[in-house]
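> Compute the structure for the input listed below.
(one chain, ligands or ions: 1)
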Amino acid sequence: MNHIIKSQQFSKEFILDFLRDVQTVKNNPKKFNEALKGKVVATLFYEPSTRTRLSFESAAQRLGASIISTENAREFSSASKGESLQDSIRTVNGYADFIILRHYENDASDIATTASNVPIINAGSGSGQHPTQALLDIFTIYEQFNRLSNLHITFVGDLQRGRTVNSLVYLLSLFEGNSFTFVSPENCKIKKGIKDHLEEQKCTYTEKEDIQVIKDTDIVYMTRVQKERFDDPKEYEKAKGKFVLTSALAKEMKKESIIMHPLPRVDEIEVEVDTNPRALYFKQAANGLYVRMALLKMLNENR
Ligand code: CP
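Here you go, the predicted model:
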């Protein structure tokens with residue numbers, strides 16, 4: 001495995017092995033503080049980020065690597081002068097051993113691989129995929145349930161534009177007995193390609209427009225309505241605030257259930273929910289560090 005582009009590249013066996021590696025890193029991160037000694041990691045972010053960029057940069061530093069970075073690459077890199085993504089990637093190949101790329105185009109990471117001899121890691125591409133988020137999501141689920149099968153997962157929010165949902169559904173569909181409920185406003189429905197995939201995998205799914213269904217779920221995965229990806233602001237106004245996880249509703253969920261969110265949150269989870277023991281979203285974000293350490297370490301060992 002050279003590049004990390006999309007969830008479909010991972011097998012069930014890979015996931016289970018990888019989760020063991022993540023646990024090893026999490027148990028004793030200091031043990032790996034020279035794993036990337038002398039290496040340089042480039043973070044090229046053409047869209048805003050808090051968690052993904054900082055956790056990748058922290059992961060690289062904790063493994064002994066150095067960082068070069070362009071935070072607002074759309075404006076502050078030579079993309080603003082008209083340089084193509086391929087030319088930027090070819091150039092950074094001369095400076096870095098790994099390139100972590102966030103981009104507003106769905107196929108940017110695929111395109112980047114055509115110009116790169118060093119690993120490209122997709123750190124979120126348009127409304128397409130966010131595979132390293134899915135890896136940290138699935139690690140968090142495994143930590144909590146000690147299994148990845150026979151789970152009922154309810155995704156809520158902007159399921160059409162949210163890339164984290166796409167990537168996580170692909171991973172969870174590898175494991176037997178999982179069932180999916182999709183709760184979204186009419187103009188934020190899950191993509192047909194994802195439903196086609198679930199049908200091919202013989203996974204059960206339903207679509208609803210009522211957040212009360214989360215009372216019967218093992219995992220509720222809340223997502224933000226992605227204002228920046230709407231072409232028409234009126235459509236955003238129709239969708240925003242439609243499904244909110246209130247503190248009262250969270251208390252009615254199954255005792256062993258969990259609440260996840262890739263973050264950032266806007267208003268779709270009441271702040272009072274944060275103290276509910278089911279709320280795992282900040283722990284989920286913290287797991288991103290160990291997942292990304294394990295991923296960089298694995299890619300380095302494969303080179
Ligand atoms: N979950 C996630 O990708 O967060 P950031 O946009 O802050 O990186």
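
> To what extent is N150 buried, counted in neighbours?
12 (other CB atoms under 10 Å). Any C-beta I mention is one placed from the backbone N, CA and C, and that applies to glycine too.

> What does it show for phi and psi?
phi 50, psi 50 (degrees, to the nearest 10).

> Now it. Nearest residue, chain neighbours left out?
Excluding the flanking residues, the one nearest N150 by CB to CB, 6 or more residues apart in numbering is G177, at 3.8 Å.

> Look at the residue of the stretch 151-300 of the chain found nearest the ligand and report its pLDDT.
Nearest residue of the stretch 151-300 of the chain to the ligand: P262, at 3.8 Å (CB to the nearest ligand atom). Here, the pLDDT recorded for P262 equals 98.

> avg pLDDT for stretch 127-142?
Here the average pLDDT along stretch 127-142 is 98.

> Next, the buried residues of that stretch.
Using 16 or more other CB atoms under 10 Å as the test for burial, stretch 127-142 gives 127-142.

> what residues does the stretch 151-300 of the chain put near the ligand?
Counting by CB under 6 Å from any ligand atom, the positions of the stretch 151-300 of the chain adjacent to the ligand are 262-264.

> 8 Å instead, please
With CB under 8 Å from any ligand atom as the criterion, the stretch 151-300 of the chain meets the ligand at residues 164, 262-264, 285, 288.

> D137: helix or strand, and which one exactly?
helix 131-145 (DSSP states H and E).

> could you check whether that helix is close to the ligand?
Yes. Helix 131-145 reaches the ligand (CB under 8 Å from any ligand atom) through Q133.

> elements contacting that helix?
helix 12-27, helix 51-62, strand 120-125, helix 163-172, strand 258-260, helix 281-302 (3 or more CB pairs under 8 Å, 6 or more residues apart in numbering; DSSP states H and E).

> go again using 6 Å as the cut-off
On a contact count with 3 or more CB pairs under 6 Å, 6 or more residues apart in numbering; DSSP states H and E, helix 131-145 meets helix 12-27, helix 163-172, helix 281-302.
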